[in-house]
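Colleague: My questions concern the predicted model and sequence given below.
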Amino acid sequence: MRVALLGSAQKASSDDVALHVPGPPGCRLSENGAVPELPEVQALVEFLRERTDGLAIVGIELGSVSVLKTYDPAPASLHGLPIGGVTRHGKFIDIEAEGLHLVFHLARAGWLRWSDTLAATTIRPGKSPIALRCRLSDGSGFDLTEAGTQKRLAVYIVRDPLEVPGILHLGPDPMAEDFTVADFVSLLEGRRTQVKGLLKDQAFLAGVGNAYSDEVLHAARLSPFALASSLDEEQVERLYSALRGTLAGAIKAASGKPAKELKDAKRAGMRVHGRTGQACPVCGDIVREVSFADSSLQYCATCQTGGKPLADRRMSRLLK
Ligand SMILES: [Zn+2]
């Protein structure tokens with residue numbers, strides 16, 4: 001059974017089968033780089049801002065009761081309220097209407113599907129892949145969907161975005177205009193943590209996930225396992241420039257794209273993430289991978305680790 005599931009991923013040992021089981025379409029693990037991070041969320045915010053301008057929320061329907069993490073205010077309290085703005089907090093999207101906030105986090109397998117004309121059918125809790133439907137006053141609206149079984153898509157209806165724990169504990173936004181290299185230096189100071197993990201930590205820095213942390217480290221020519229506290233001044237500056245430059249480039253590439261095109265645009269922009277075995281676009285070396293229980297990272301040994309491949313438990317077991 002396990003072997004049958006492996007498909008083309010012949011290298012995997014049985015312990016790692018979970019990494020290679022094909023999920024439903026559009027729902028593979030983060031290796032494919034389709035999980036929305038800061039640039040895609042920013043593009044979704046701009047998309048929603050444009051589409052919802054001048055409209056009111058006329059209906060919130062839940063297809064999954066567990067997706068809503070708050071119970072007061074009730075979803076119906078949003079009905080009839082004009083939308084005042086759409087913003088982003090890290091990877092959270094925040095739709096404000098008359099002092100109430102509809103906040104959501106798409107997580108690994110969640111997505112937003114926009115319709116200029118939403119179906120008239122009312123969504124009810126059950127087996128629908130639609131977790132939430134939001135109807136707007138001109139007949140348009142969107143569905144929040146979640147593929148697979150992880151169910152990490154989260155929706156909150158709050159009076160203050162800081163009532164959302166994930167927002168309350170967010171680190172600074174790397175794309176904020178006032179986020180300087182000096183701020184970054186003080187953030188890194190004394191952090192005896194691997195820089196890859198640190199970049200993904202939302203309490204350290206808001207909005208970067210598994211894919212863009214790979215891309216940023218590749219652009220900065222740093223090992224994902226380097227300890228943050230051991231980076232010298234020049235390396236920290238390189239990391240800061242790579243962070244801002246990589247995200248700015250991705251925002252530019254995503255900007256103006258409709259919601260349905262953002263995942264493909266993200267994948268297409270990756271230089272190492274999700275590209276194991278392909279050539280590094282900078283030096284031509286092959287892109288290597290380190291796999292973990294539920295994720296993997298990609299890097300270029302020539303560009304990032306002085307030519308030395310990093311230890312990978314899966315690869316080393318196979319080589320025994
Ligand atoms: Zn390279």
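Modeller: Perfect, I can see it now.
Colleague: Buried residues, stretch 246-256. List them.
Modeller: 246, 247, 250, 251, 253, 254 (16 or more other CB atoms under 10 Å). (Each C-beta comes from the backbone N, C-alpha and C, glycine too.)
Colleague: Out of these, the closest to residue 292 would be?
Modeller: Taking CB to CB as the measure, residue 292 lies nearest residue 246 of those, at 22.1 Å.
Colleague: Point me to the helix or strand that includes the closest one.
Modeller: helix 233-254 (DSSP states H and E).
Colleague: so what does the helix or strand that comes right after that helix touch, helix or strand wise?
Modeller: Using DSSP H and E, the next helix or strand after helix 233-254 towards the C-terminus is helix 262-268. Judged by 3 or more CB pairs under 8 Å, 6 or more residues apart in numbering; DSSP states H and E, helix 262-268 is in contact with helix 38-52, helix 233-254.
Colleague: gap between residue 123 and the ion?
Modeller: To the ion, residue 123 is 47 Å away according to CB to the ion, to the nearest Å.
Colleague: Backbone dihedrals for the closest residue in space to residue 68 that isn't next to it in sequence, please?
Modeller: Closest residue in space to residue 68, ignoring its immediate chain neighbours: residue 155 at 5.1 Å, by CB to CB, 6 or more residues apart in numbering. Per-residue torsions, residue 155: phi -120, psi 140 (degrees, to the nearest 10).
Colleague: Checking the residue of the stretch 101-250 of the chain found nearest the ion next. Helix, strand or coil?
Modeller: Closest approach between the stretch 101-250 of the chain and the ion, counting by CB to the ion: residue 218, at 7.3 Å. Assigned state for residue 218: helix (three-state reduction, DSSP: H, G, I helix; E, B strand; the rest coil).
Colleague: repeat for residue 85
Modeller: Classified using three-state DSSP, residue 85 is strand.
Colleague: That one - how many residues pack around it?
Modeller: By other CB atoms under 10 Å, the residues close to residue 85 number 14.
Colleague: Could you pull up phi and psi at the closest residue in space to it that isn't next to it in sequence?
Modeller: Using CB to CB, 6+ apart and skipping the chain neighbours, the partner closest in space to residue 85 is residue 96 (4.8 Å). For residue 96, the backbone dihedrals (degrees, to the nearest 10) come out as phi -100, psi 140.
Colleague: In contact with residue 96, which residues?
Modeller: Contacts for residue 96 (CB atoms under 8 Å, 6 or more residues apart in numbering) come out as 83, 84, 85, 86, 87.
Colleague: is it possible to export these to TSV including distance to residue 202?
Modeller: TSV is the format used below for those (distance: CB to CB, whole Å):
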residue	distance to residue 202
83	26
84	26
85	22
86	20
87	17
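Colleague: Narrow those to those that are buried.
Modeller: Applying 16+ other CB under 10 Å to the contacts of residue 96 flags 83, 86 as buried.
Colleague: which among the contacts of residue 96 gets closest to the ion?
Modeller: Distance to the ion, by CB to the ion, is smallest for residue 87 among these, at 36.8 Å.
Colleague: Go ahead and confirm the closest one touches residue 103.
Modeller: No - the criterion here is CB atoms under 8 Å, and residue 87 misses it with residue 103 at 9.7 Å.
Colleague: got any residues that touch both of those two?
Modeller: 93, 94.
Colleague: For my notes, confirm residue 192 occurs in a helix.
Modeller: No - read with three-state DSSP, residue 192 is coil and lies in no helix.
Colleague: ok, now how distant is it from residue 198?
Modeller: 10 Å (CB to CB, to the nearest Å).
Colleague: and if you look at residue 232?
Modeller: Residue 232 is 16 Å from residue 198, where distance means CB to CB.
Colleague: List the strands paired with the host helix or strand of residue 114, with their directions.
Modeller: Using DSSP H and E, residue 114 maps to strand 110-115. Here strand 110-115 is paired, per DSSP bridges, with strand 141-146 (antiparallel).
Colleague: can you give me the angle the strand it pairs with makes with helix 38-52?
Modeller: 150 degrees (axes from the mean of the first three to the mean of the last three CA atoms, to 10 degrees).
Colleague: distance between the ends of stretch 197-208?
Modeller: Stretch 197-208 has an end-to-end distance of 10 Å (CA to CA, to the nearest Å).
Colleague: swap that for stretch 197-206, sorry
Modeller: Stretch 197-206 stretches 13 Å from its first residue to its last (CA to CA).
Colleague: tell me which residues in that stretch are buried?
Modeller: 198, 199, 200, 202, 204, 205, 206.
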